[in-house]
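# after the sequence you'll find the predicted model.
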Amino acid sequence: MKETILQFIGDEQGQDLVEYALIVAAIGLALITTVNQLSQGIVSLYQSMTGDLASIGTTQ
């Protein structure tokens with residue numbers, strides 16, 4: 001049993017896959033955060049524009 005555990009700890013096969021998965025997860029998290037902030041900015045800009053257009057339509 002001890003030999004099996006030591007062999008499992010010393011085995012580096014699959015280590016690269018884990019590193020790539022962590023990098024992809026970090027990139028995905030950064031992308032989600034960026035898109036979320038960008039979408040909030042776009043919604044705010046759209047609301048501002050529609051408010052301005054509504055006020056122009058009522059003054060004429």
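Cool, got the structure.
# where does residue 12 sit: helix, strand or coil?
coil (DSSP: H, G, I helix; E, B strand; the rest coil).
# what about it, how many neighbours?
7 (other CB atoms under 10 Å). Where you see a C-beta, it was placed from the backbone N, CA and C, and this is true even at glycine.
# do you know how far it is from residue 38?
40 Å (CB to CB, to the nearest Å).
# next: residue 17.
Residue 17 is 31 Å from residue 38, by CB to CB.
# same thing with residue 3?
In terms of CB to CB, residue 3 sits 54 Å off from residue 38.
# any idea how far residue 29 lies from residue 48?
29 Å.
# so which elements touch the helix or strand that contains residue 36?
If you go by DSSP states H and E, residue 36 is part of helix 15-59. Under the contact definition 3 or more CB pairs under 8 Å, 6 or more residues apart in numbering; DSSP states H and E, helix 15-59 sits against no other helix or strand.
# what average pLDDT does it get?
If you average the pLDDT over helix 15-59, you get 89.
# ok, residue 36 - how many residues close by?
Residue 36: 10 neighbours (other CB under 10 Å).
# could you do the one 4 residues further on as well?
Here the number of neighbours of residue 40 (other CB under 10 Å) works out to 10.
# same question, residue 26
Residue 26: 10 neighbours (other CB under 10 Å).
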